[in-house]
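Q: My questions concern the predicted model and sequence given below.
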Amino acid sequence: MCFTQLPAYAEKIIPSGKNSFIFINNQEKKSMNQVITNSNSTLKLYGGTRSRASIIQWYLEEINLDYNYILIDMTQKEHLQSPFLELNPFGKVPVIVDDDFQLWESGAILLYLAEKYGNEINSLEEKSIINQWILFANSTLATGLFIEANREKEMSQLLPPLENILQKNSYLLGENFTVADVAVGSMLAYTQILLKLDLSNYPAITNYIQRIIQRPAFMNTIGKR
């Protein structure tokens, strides 16, 4: 999508990778319609500022899949109003709508996208391993690193095994980047973006974080936060 001038309804346009984010004027803004990208796409991603929707964006950019991004105004509680509650009755983002199919929970969305569009899952066993890492990232790793009361104890249990894996491989499942790295890598990257944790005792993890944050798809999404 390319504009030589701002549409009448837009405040500004911010390029982001192969998509352009259109910020709608308050006068023209409609619920769940603050940001729209690539209107030719059928897949829609609903997200909020500082939400896990940016993780989904990262993966969509990795697999070069066109999508529309729709930013929910959490400050105006759009996530707790209809029609968003028709997409997720719990009022949480992210949510995707792919043609007539809708899905919430970031881990479930990553697995769906990987299996349908990612060309990296060819068997039940591969799907299960990927799912294992996504669940680990969203539950075990996230709660261990981001809940302060857990952090001191959990870091000493969670990071050494990850360090050992990443000493042997460039990525979690070997030498090829997969959706597992999006799930786990995003949590590790956020420890540097949000928490500024000292990971100097884990050089393989530190090098891994540097590899993923230098990926163009990461820089175009989470890296722009």
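A: Everything's here; your move.
Q: now the helices: where do they sit in the chain?
A: Using DSSP state H, the helices of the chain run over residues 53-62, 84-87, 106-117, 124-135, 142-146, 148-168, 179-190, 203-213, 216-219.
Q: got those helices as TSV, with mean pLDDT, mean neighbour count and distance to G47 columns?
A: C-betas here are computed from N, CA, C, even on glycine. Compiled in TSV, those are given as follows (pLDDT from 0 to 100; neighbours: other C-beta atoms under 10 Å; distance: least, C-beta to C-beta, whole Å):
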stretch	mean pLDDT	mean neighbour count	distance to G47
helix 53-62	96	24	2
helix 84-87	92	16	11
helix 106-117	97	20	10
helix 124-135	97	15	18
helix 142-146	94	17	17
helix 148-168	95	14	25
helix 179-190	97	24	14
helix 203-213	97	17	20
helix 216-219	96	17	16
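Q: among those helices, which is nearest L43?
A: With respect to L43, and counting by C-beta to C-beta, the nearest of these is helix 53-62 at 7.8 Å.
Q: tell me how far that closest one is from the chain's mean position?
A: Computed by C-alpha atoms, centre = their mean, to the nearest Å, the separation of helix 53-62 from the middle of its chain amounts to 4 Å.
Q: if we can go back for a sec, which one of the helices of the chain lies nearest to V93?
A: helix 53-62 (5.4 Å).
Q: OK, contacts around the residue nearest the centre of the chain?
A: In the chain, the C-alpha nearest the mean C-alpha coordinate belongs to I55, at 0.8 Å (C-alpha atoms, centre = their mean). Contact analysis of I55 by C-beta atoms under 8 Å, 6 or more residues apart in numbering lists 94, 106, 110, 182-183, 186, 222.
Q: L85: which of these is nearest?
A: Taking the contacts of I55 together and measuring to L85 by C-beta to C-beta, the closest member is P94, at 14.8 Å.
Q: Now that closest one: phi and psi?
A: Reported as degrees, to the nearest 10, the phi and psi values for P94 are phi -90, psi 160.
Q: could you check the distance from it over to L110?
A: According to C-beta to C-beta, to the nearest Å, P94 and L110 sit 10 Å apart.
Q: quick one: common contacting residues for those two?
A: 55-56.
Q: Pull the contacting residues for F90.
A: W104.
Q: pLDDT value on it, please?
A: What the model reports for F90 is a pLDDT of 94.
Q: follow-up on the earlier one: could you export the helices of the chain as TSV, including distance to M74?
A: Formatted as TSV, the helices of the chain follow (distance: least, C-beta to C-beta, whole Å):
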stretch	distance to M74
helix 53-62	11
helix 84-87	10
helix 106-117	16
helix 124-135	24
helix 142-146	19
helix 148-168	23
helix 179-190	18
helix 203-213	25
helix 216-219	23
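Q: burial of the closest residue to L80 other than its chain neighbours, as a residue count?
A: Spatial nearest neighbour of L80, excluding adjacent residues (C-beta to C-beta, 6 or more residues apart in numbering): G91 at 4.7 Å. G91: 16 surrounding residues under other C-beta atoms under 10 Å.
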